[in-house]
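Visitor: everything below, folded, please.
(one chain, ligands or ions: 2)
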Amino acid sequence: MSTGTGSKTAGKIFTVAVASGKGGTGKTTVAISMALCAETDVQLLDCDVEEPNAHILLKPSIQGNEHVSMPVPFLDEAKCTGCGKCSGICAFNAIVFLKKPLFLPDLCHSCGLCMKVCPGKAIMEKPRHIGILEIGAKGDVGFVSGCLDIGIASSPALIRAVRKQSKNAGLEIIDCPPGTACSFVTSVKDSDFVLLVTEPTRFGLHDMTLAIKVIKQLKLPFGVLVNKSISDDDCIGKYCSSEKIPLLMRIPDDRSIAEAYSRGVDLMEVKPELKDGFLKMIDAVRAIAEEDGGK
Ligand code: SF4
Ligand code: SF4
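Guide: Ligands and ions are numbered 1, 2, ... in the order given. Below is the predicted model of the structure:
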């Protein structure tokens, strides 16, 4: 049996980002299973804001919603002298300059620099609605999910809003968006550990190595969980062994798991015997993070 220290976390927050280089690896299933196994003092943050689906499996009761906006610039034409300083300073190409600036809110990162450099104080800000937070719980598991408005490209701003809902205590599990773009970086940043969920295929290996490159740049400790595992002797196992990456758990390739998922039934309900494996993995994750923090 596990020592179960992953199930009782008090005081300082411990954040595990559950990520994958590609979609469809089962990272949401893993994130939810970890949260359900931990039983107390745990919060699940669904940062996959373009396609949040943790609520489908977890089935939390939603206690509240919050609207999230980000400030974007707009022009007071009467004050603009057409100097062009604002478009020159924007690092995100969010200002097209044709005698006067034209702001492109989809590219704007709300850095506020254009306002600061404008000599005529011709730039002001207005809020732009980008999405909604849903806040609730399933038993002892706290739950926060972000849902980006259709047509909005600024997912990092909404992910930051989800992460601001952190309880700052206990175990926090982040269901990250797939891929390795800004939304992935915003989700894993400042976490204590990144758990990479992958499949034992060449595609899985390829996308996992891309995610590892980013995580190494962020200097975060990480490990791997193989989902749909058919054998210990696979390309992921060999890669982890050659690169000395901890392979923390394998979830077997089992038709009943896939069928349960398609019906919106969580893994712990269909395979409760995996609970001890999840608890052991949480313990291992903590041990690796503590060792890494001591370096
Ligand atoms: S706020 Fe920043 S990102 Fe947005 S338009 Fe101004 S300089 Fe560009
Ligand atoms: S910096 Fe101000 S005054 Fe100059 S072009 Fe931009 S908005 Fe107009």
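Visitor: work out for me the element residue 190 sits within.
Guide: Assessed by DSSP states H and E, residue 190 sits outside every helix and strand.
Visitor: residues making contact with stretch 124-136?
Guide: 49, 55, 60-76, 105, 112, 115, 143-149, 152, 154, 157-158, 161-162, 165 (C-beta atoms under 8 Å, 6 or more residues apart in numbering). To be clear about C-beta, it is placed using only N, CA and C from the backbone, and glycine gets the same treatment.
Visitor: now it, how far from the centre of its chain.
Guide: 18 Å (C-alpha atoms, centre = their mean, to the nearest Å).
Visitor: tell me the mean pLDDT for it?
Guide: Mean pLDDT, computed over stretch 124-136, is 96.
Visitor: same question, stretch 91-105
Guide: 95.
Visitor: gap between that stretch and the chain center?
Guide: Counting by C-alpha atoms, centre = their mean, stretch 91-105 comes out at 30 Å from the chain centroid.
Visitor: who touches residue 152 in this structure?
Guide: Shown in contact with residue 152 (C-beta under 8 Å, 6+ apart): 106, 130-131, 158.
Visitor: now with 6 Å, please.
Guide: residue 130 (C-beta atoms under 6 Å, 6 or more residues apart in numbering).
Visitor: quick one: secondary structure of it?
Guide: coil (DSSP: H, G, I helix; E, B strand; the rest coil).
Visitor: then residue 108?
Guide: With three-state DSSP as the criterion, residue 108 reads coil.
Visitor: which residue, neighbours along the chain excluded, lies closest to it?
Guide: Of all residues not flanking residue 108 in the chain, residue 94 sits nearest, at 4.2 Å (C-beta to C-beta, 6 or more residues apart in numbering).
Visitor: residues contacting that neighbour?
Guide: The neighbours of residue 94, taking C-beta under 6 Å, 6+ apart as the test, are 104, 107-108.
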